[in-house]
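*Asks:* structure of the sequence below:
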Amino acid sequence: MLKLATILDNPGEPPAATRYRDPARLVELGYNALALYETTALSGLIGPGDAPAGELRQWVAQQYDHARQGLEAARAAGLKTFIAYDALVLPAELLRAHPQKFTCRRRGDTLCPASEPLLARCVEGLAALLDHLGQLDGVILRFGDNDVSRLPHLRGNDLYTPRCEDCAPISPAKRIAALLERFHNLVVHQRGLTLIARAWNVRPGGLHDLPALATELAPLLPGDEQDE
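*Replies:* Residues are numbered from 1 along each chain as shown. The predicted model follows:
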């Protein structure tokens, strides 16, 4: 059984000082894998150059280094390694340069789940992050909410809220399935890793509180039915 350990630090706040960051301690407690949550701050980026120049870009570059070090320490302790990744998320600079390419009609601040360029760019960002970090066992994809409001270099939103002429006709189940199909292809088929879809939502109307949505989504999920 996979037992994932993770610590959720609030973006923009100092990391909590805790002994549970020690991979050896996690092994003692019976965990066999580490999920690095901090990589959500790197969602949608191709690299540090996607962040504005100056202190913010330096901070982003430090997050790449921090992630690599944390993953290396976990592997050295015998833990499997996973990273967390958010969608829908893009670099703020990219969105400012091409708002009509990625957003809902007449809503330039809302990423549109009907935008093929948006979905492709989100997957491209994860591919780049996997390349930066090297050896991994899997990815935890969060698609119902994200923390980008606390991260000035990113812009994003959940899959459920956007409604324009393009995305309104797409049901929540089909929105989720379209996103998961693309990430499943990258993570499972191309990279041979494990993909965990984290069905998170803080507002009513998502997989956490709508059993009918889960029932509708189940036959649309990518992969084999026997896939653990």
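
*Asks:* I figured G205 was touching S171, is that so?
*Replies:* No - using Cβ atoms under 8 Å as the test, G205 is too far from S171 to be in contact (11.7 Å). All C-beta spots, glycine's among them, are computed from the backbone N, C-alpha and C.

*Asks:* list the contacts for L4?
*Replies:* Contacts for L4 (Cβ atoms under 8 Å, 6 or more residues apart in numbering) come out as Y31, A33, L34, A35, F82, I140.

*Asks:* one more pass at 6 Å, please.
*Replies:* By Cβ atoms under 6 Å, 6 or more residues apart in numbering, L4 lies in contact with A33, A35.

*Asks:* how confident is the prediction for it, by pLDDT?
*Replies:* Per-residue confidence (pLDDT) for L4: 96.

*Asks:* okay, and the beta partners of it?
*Replies:* With DSSP bridges as the criterion, L4 is bridged to A33.

*Asks:* using the three-state scheme, assign A128.
*Replies:* helix (DSSP: H, G, I helix; E, B strand; the rest coil).

*Asks:* can you map out the strands along the chain?
*Replies:* 4-5, 33-36, 80-86, 89-91, 103-104, 107-111, 138-142, 154-156, 194-198 (DSSP state E).

*Asks:* and the average pLDDT for the fourth one is what?
*Replies:* Strand 89-91 shows a mean pLDDT of 97.

*Asks:* in the chain, what residue sits furthest out from the centroid?
*Replies:* The C-alpha centroid of the chain is most remote from E28, which lies 28.3 Å away (Cα atoms, centre = their mean).

*Asks:* against I7, how distant is it?
*Replies:* Using Cβ to Cβ, to the nearest Å, one gets 16 Å for the distance from E28 to I7.

*Asks:* what's the local residue count around the closest residue to R182 other than its chain neighbours?
*Replies:* Among residues not flanking R182 along the chain, V123 sits closest, at 5.0 Å (Cβ to Cβ, 6 or more residues apart in numbering). If you count neighbours by other Cβ atoms under 10 Å, V123 ends up with 18.

*Asks:* repeat that for C104.
*Replies:* 23.
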